[in-house]
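Asker: Sequence first, then the predicted structure, then my questions.
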Amino acid sequence: CFNSGSSLEKCDFETDVCKALHQQNLQPGWIRRNGRSGIGPPYSDHNGDDSAYFLSLSSEMQSSSATLRTNVFLPTDEEQVCQITFHYWIIPVSGTLMVGLQKHSEDTITNIWQVSGELQNQWKTNTITVNSTEKYEV
């Protein structure tokens, strides 16, 4: 995915919220933590590292929703396809994780992928491909 003409780097949360996401404060509900935080599962990141950071919904937010929004990406074309790979963990029967696309000419967010509470407590990986002829956010 391209932002201001340069490819984005790997997005992790080791020092802060990564460059792909809006730099403003996280929406209420999201916390940056690692497996040693004592909050509960997951107790490590997707590589099994208990000191590596990831974003998690705070327990108070589990009955409502919270959004993460990317910075603006440039339009895609045949040479510049946007693929976003992400790792996720959903506590069983706790809710739905959705990925949406908002083009700059539209007010609405189009749902392009979703998954509901999984039965197993484990990290999963998904890759989505985005095609847009105009600037967009995910």
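Answerer: Arrived safely, thanks for sending.

Asker: Which parts of the protein are strands?
Answerer: Using DSSP state E, the strands assigned to the chain run over residues 2-3, 6-7, 30-34, 53-57, 82-88, 96-103, 110-116, 124-130, 136-137.

Asker: pLDDT averaged over the fifth one, what's the number?
Answerer: In this model, strand 82-88 has an average pLDDT of 89.

Asker: Parallel or antiparallel, which strands does it pair with?
Answerer: Paired neighbours of strand 82-88 in the sheet (DSSP bridges): strand 124-130 (antiparallel).

Asker: If I take the partner strand and strand 96-103, what angle do their directions form?
Answerer: Computed with axes from the mean of the first three to the mean of the last three C-alpha atoms, to 10 degrees, the direction of strand 124-130 lies at 20 degrees from that of strand 96-103.

Asker: can you pull the buried residues of strand 124-130?
Answerer: Neighbour counts using 16 or more other C-beta atoms under 10 Å place Val130 of strand 124-130 among the buried residues. For glycine as for every other residue, the C-beta is placed from the backbone atoms N, C-alpha and C.

Asker: repeat for stretch 86-98
Answerer: By neighbour count on 16+ other C-beta under 10 Å, the buried set for stretch 86-98 is 89-90, 95, 97.

Asker: Tabulate the residues you listed (CSV), appending distance to Ala20.
Answerer: Output for the buried residues of stretch 86-98, formatted as CSV (distance: C-beta to C-beta, whole Å):
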residue, distance to Ala20
Trp89, 19
Ile90, 21
Gly95, 23
Leu97, 17
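
Asker: From Leu55, how far off is the residue nearest to Trp113 when sequence neighbours are not counted?
Answerer: Leaving out its chain neighbours, the residue that sits closest to Trp113 by C-beta to C-beta, 6 or more residues apart in numbering is Val99, at 4.3 Å. Counting by C-beta to C-beta, to the nearest Å, the gap from Val99 to Leu55 is 14 Å.

Asker: quick one: which of those two has more around it?
Answerer: Between Val99 and Leu55, counting by other C-beta atoms under 10 Å, Val99 is the more crowded of the two (19 against 16).
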